[in-house]
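In: Take a look and give me a structure for this.
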Amino acid sequence: ARQGNNGNYPKRFSFRYGGKIVRIDGVIYEYKGKPQIELSSPDQITVLTKEEPISSAPPPTPHPFNGIATVGCYNVLNLFDEHDDPYHNDEGTDPKPREALEKLAATIRKANADVLALEEVENRDYLERFVRAMLPDMGYRNVVCIESNDRRGIDCAVLSRFPIGPVTSYRHVRFSDGSGGTTRFRRDLLRVRIEPPDALDFDVFVIHFKSKGGGGDTERVRSAECRQARKILDGLLEKDKDARFVICGDFNDTWDSKPLKIIRGTGSTALVTFLDDLPTSVVTLNKEPYRSVIDFILCSPAMAKRYVLKSYSVIDGTIESSGAILAVRIVVGLPISVAAGFIGSIFNNIAVPTRSAGDIPAFLAPLIVTALFAAAGGMIAWFNRFESKRGVAFVWIMSTAGGLLGAFAAHYIGDGYFEGLDLQILNRRL
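Out: Residues are numbered from 1 along each chain as shown. Sure thing, here's the model as predicted:
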């Protein structure tokens, strides 16, 4: 422990930890030729009841280069670690659970890109951890991730099997916002030089433009970002019309939008895409009701000449797909809401006033109670099973329907076994 942290620990380490097996989570480094682990809190030391096996991640598996480089891009949707960053507003973003990390790794394996541009990565250390733990055999020896301007702390990144040359971030560049003021890239425009062995190098630009959420004129913001990015690319093409580069990532807008038209350009320096190689049903944003293509890989004219025909593709997503996941939500949520409605109906017969309290209360009270029980059941099914806070209106409709089914079941079952379900409490008919 550094001298400034000594007060956080017991005075006698040997008394607290001597003769015990401990696990230490700290920062490993070398001091005077010897390995050390730096700690800042006793919470980083755990006393174990038995020795645990130590597993070390294998080194990245080399992937021989056959002369064809595959480039991909992927918005990994909040790849955050479990630690609070005091310099960013990350408190509302939970780390991905193990299952989500495994699905993410499976998708990256399916893409099998030699160079993979990523968006929404919190920091380089966690990305490297993820690669070591989940993708040790994918050959991603080089990891680039530079802090962006985003207030939540989501950054652009690159994984590469090939050696990497200079890396440039344009996050500090100021430019016109289109309304008389100045702005910067909301995240970054990240430029990474890729140097395949015994082949021509090329640049990969990674972007993540302003989303359509948050209010305000978001199209104006994206247009300003696209205009500045296009200016940077035009500068490269003016110096070398045969400049080899791709610009890829989450553009947060569709192909025919104003921002995309700005960055695509026109004439001999227009950027090239290969969307015509995709089926018309393909989407890259698979959340209802916004299903569309908003992620692209655009090539410089010289780079487009090296494109392998019919190789442009989009990997199908499953986490937010519509039909199948909707069916699963109904199958999981409906029985719970039916049970909740059943319980709610029984509760009505015990604690809710009947017509002795008047026709209107007798009609409204059971209805409200049944709806509350049913909606609670649906919410439990939705939130706990899918960890999602979207589609609240659908949940209420689904759970209310289930609750009514449960209420009918409770009524007819009770009517078949009991006569006069109303109870007398304190000489009052309920």
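In: okay, CA-based contacts and neighbour counts for the rest of this
Out: Noted.
In: Show me the longest strand that occurs in this structure.
Out: The strand of greatest length in the chain, counted in residues with DSSP state E as the criterion, is given as strand 71-79.
In: who's in contact with the next helix or strand after that strand?
Out: Sequence order places helix 98-111 as the next helix or strand after strand 71-79, per DSSP states H and E. With CA atoms under 8 Å, 6 or more residues apart in numbering as the test, helix 98-111 has contacts from Gly72, Val76, Met134, Leu135, Met138, Ile315.
In: out of the residues you listed, which are buried?
Out: The neighbour count (16 or more other CA atoms under 10 Å) marks Gly72, Val76, Met134, Leu135, Met138 as buried among these.
In: Is Val204 in a helix, a strand, or coil?
Out: strand (DSSP: H, G, I helix; E, B strand; the rest coil).
In: For it, name its beta-bridge partners.
Out: Val192, Val246 (DSSP bridges).
In: hang on, it packs against Ile194?
Out: Yes: if you go by CA atoms under 8 Å, Val204 and Ile194 touch, sitting 7.2 Å apart.
In: Give me the neighbour count for Ala243.
Out: 18 (other CA atoms under 10 Å).
In: and it, that's in a helix?
Out: No: applying three-state DSSP, one finds Ala243 to be coil, outside a helix.
In: so who does it touch?
Out: Neighbouring residues of Ala243 by CA under 8 Å, 6+ apart: Phe202, Leu236, Leu237, Ser300, Ala302, Met303.
In: Which strands or helices does whichever helix or strand the fifth one is part of pack on?
Out: Translated: Ala302. In the assignment (DSSP H and E), Ala302 maps to helix 301-304. Applying 3 or more CA pairs under 8 Å, 6 or more residues apart in numbering; DSSP states H and E, one finds that helix 301-304 makes contact with no other helix or strand.
In: can you list contacts of it?
Out: By CA under 8 Å, 6+ apart, helix 301-304 touches Lys241, Asp242, Ala243, Arg244, Phe245, Val246, Ser268, Thr269, Ala270, Leu271, Val272, Thr273.
In: Recalculate using a threshold of 7 Å.
Out: Contact with helix 301-304 is made by Asp242, Ala243, Arg244, Phe245, Thr269, Leu271, Val272, as judged by CA atoms under 7 Å, 6 or more residues apart in numbering.
In: Just the C-alpha atoms of stretch 176-196, please, in CSV.
Out: The C-alpha trace of stretch 176-196 is given here as CSV (Å, rounded to 0.1, in the frame of the first residue of the first chain):
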residue,chain,number,x,y,z
SER,A,176,-19.0,25.5,-36.4
ASP,A,177,-22.2,24.0,-34.9
GLY,A,178,-24.3,25.4,-37.7
SER,A,179,-26.1,28.1,-35.6
GLY,A,180,-23.4,30.6,-35.0
GLY,A,181,-21.5,28.8,-32.2
THR,A,182,-18.8,26.2,-32.0
THR,A,183,-18.9,22.6,-30.9
ARG,A,184,-16.8,19.4,-30.8
PHE,A,185,-17.4,15.8,-31.8
ARG,A,186,-19.9,14.5,-29.2
ARG,A,187,-17.7,11.4,-28.8
ASP,A,188,-14.7,11.4,-31.1
LEU,A,189,-13.4,10.9,-34.6
LEU,A,190,-10.7,8.3,-34.0
ARG,A,191,-8.1,7.6,-36.6
VAL,A,192,-6.1,4.4,-36.4
ARG,A,193,-3.4,3.4,-38.9
ILE,A,194,-3.5,-0.3,-39.7
GLU,A,195,-0.3,-2.0,-41.0
PRO,A,196,-1.0,-5.5,-42.3
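In: Run a quick neighbour tally on the residue nearest to Arg161 when sequence neighbours are not counted.
Out: Of all residues not flanking Arg161 in the chain, Tyr140 sits nearest, at 4.7 Å (CA to CA, 6 or more residues apart in numbering). The number of residues packed near Tyr140 is 26, by other CA under 10 Å.
In: Please tell me how far Tyr140 sits from Ile194.
Out: Using CA to CA, to the nearest Å, one gets 13 Å for the distance from Tyr140 to Ile194.
In: Helix or strand with the lowest mean pLDDT in this structure?
Out: Least confident helix or strand of the chain, by mean pLDDT, DSSP states H and E, is strand 424-425 with a mean of 42.
In: Parallel or antiparallel, which strands does the longest strand of the chain pair with?
Out: Partners of strand 71-79, by DSSP bridges, with direction: strand 115-121 (parallel).
In: now the partner strand and helix 98-111, what's the angle there?
Out: Counting by axes from the mean of the first three to the mean of the last three CA atoms, to 10 degrees, strand 115-121 lies at 150 degrees to helix 98-111.
In: of all the contacts of helix 98-111, which comes closest to Arg227?
Out: Gly72 (23.3 Å; CA to CA).
In: quick one: the closest one from Glu30, how far?
Out: For Gly72, the distance to Glu30 - CA to CA - is 37 Å.
In: now swap in Cys226 and tell me
Out: 45 Å.
In: and these two? which has more neighbours close in?
Out: Cys226 (23 against 9).
In: contacting residues around that one?
Out: Pro259, Ile262, Ile263.
In: Output these as JSON lines; include the columns distance to Leu285.
Out: What follows is the contacts of Cys226, written out as JSON lines (distance: CA to CA, whole Å):
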{"residue": "Pro259", "distance to Leu285": "17"}
{"residue": "Ile262", "distance to Leu285": "21"}
{"residue": "Ile263", "distance to Leu285": "20"}
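In: Kindly list the main-chain dihedrals of Pro42?
Out: phi -60, psi -20 (degrees, to the nearest 10).
In: Roughly how far does it sit from Glu82?
Out: Counting by CA to CA - Pro42 and Glu82 are separated by 18 Å.
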